[in-house]
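Engineer: For reference, the sequence and a predicted model appear below.
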Amino acid sequence: MRLTMLDKIFKRVSRAGAVASPVQLPPDGGVLDEPTHDRVAVLSGKRSQREVAQLQSELNFWRLMAGGLVVGIIVTSMGWRRADDRYANDVRIAWVKVAPDGRSEAQLWSDGGNPNRFFEPFINSALINFVEHRFRHIRTTIVSDYGLAAMFMSPQLQREFLDNEHAAQEATDFEASGNGGEYTIIVKAIDHSTMVDPDAANRNSVIVDSTVYVTQHWLDGSRKDEQKIVKLTWKMIPLANLQRDWKQLQENGPGVQILAYHMVTALNQEH
């Protein structure tokens, strides 16, 4: 009975020792028996799984860090790009007026560098030049006025003006007699259907309709002023052609070419 109890105790201790003790490999590099081989495989598998899980966790961490870094770089780049665009487009012209006593006054124009800022007034000056010289009747200047107005016209319109309207004969007769009275033309406003972009590649093919509001003023005061409307259709002369004609360039700097025109009396005769 005592032997049986002792045998059981020794067997339990032996099993515990076997579970707790590491696997003993043959010192001579021999072949493992099957039970030992199975235990080694189980332990190796558990270790491999732990290592794979740990590596996978580290890999996910670095992927997350790399993704966050890329997103941060993109957001920062977009911010710098917007700031650069705002800086590039923030064009302001400063007009500084200096008085003889040293006082100065500055005015800023914040229009983003509008290319038409100076170009449109330049166009308007040419149209005013044409309208005034074409339609005013002053004995001492009518011949030169008609000649200057013809410079603004297209070749076809020039032929119509000189041949069909007999502009030269009309100017000569009025210069001699002054029949009908002398009057001047005062431009009050100009309205354009559109405006040519000076930087556009097709600027020479753009057709523009403009309306010019004028007052016909009689020099001798014998009649009341009349309100007139001049309708113009025009386009731009190619720059290469304009630069070859110095007289045209002097009188018609922007290179306006009048394609059609006519004057009508305004319905509203109030100033």
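Structural biologist: Great, that's in hand.

Engineer: T141 and L219, how far apart?
Structural biologist: 12 Å (Cβ to Cβ, to the nearest Å). Heads up, the C-betas are built off the backbone N, CA and C, glycines and all.

Engineer: which one of the two has more residues nearby?
Structural biologist: T141 (16 against 13; other Cβ atoms under 10 Å).

Engineer: just checking, D145 touches R139?
Structural biologist: No: checked against Cβ atoms under 8 Å, the pair D145 and R139 is beyond contact range at 10.6 Å.

Engineer: The two: who's more crowded?
Structural biologist: A side-by-side neighbour count of D145 and R139, using other Cβ under 10 Å, places D145 first with 18 against 15.

Engineer: Secondary structure element holding H262?
Structural biologist: strand 256-265 (DSSP states H and E).

Engineer: export that strand as CSV, just CAs?
Structural biologist: This file holds the C-alpha atoms of strand 256-265, laid out as CSV (Å, rounded to 0.1, in the frame of the first residue of the first chain):
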residue,chain,number,x,y,z
VAL,A,256,-8.2,100.7,-83.5
GLN,A,257,-9.7,99.9,-86.9
ILE,A,258,-13.2,101.2,-87.4
LEU,A,259,-15.3,98.8,-89.5
ALA,A,260,-18.7,100.6,-89.4
TYR,A,261,-20.2,103.7,-87.8
HIS,A,262,-23.3,105.9,-87.8
MET,A,263,-24.8,108.7,-85.7
VAL,A,264,-28.4,109.1,-84.5
THR,A,265,-30.2,111.7,-82.5
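
Engineer: low pLDDT regions in the stretch 101-250 of the chain?
Structural biologist: The model of the stretch 101-250 of the chain has pLDDT under 70 over residues 106-118, 197-203.

Engineer: again, only using 50
Structural biologist: By pLDDT under 50, the stretch 101-250 of the chain has no low-scoring segment.

Engineer: Pop out the phi and psi values for G147.
Structural biologist: Per-residue torsions, G147: phi -60, psi -40 (degrees, to the nearest 10).

Engineer: Run a quick neighbour tally on it.
Structural biologist: 14.

Engineer: quick one on the thing from earlier: helices or strands next to the strand holding H262 in the packing?
Structural biologist: Here strand 256-265 touches helix 116-135, helix 142-152, helix 155-159, strand 226-236, going by 3 or more Cβ pairs under 8 Å, 6 or more residues apart in numbering; DSSP states H and E.
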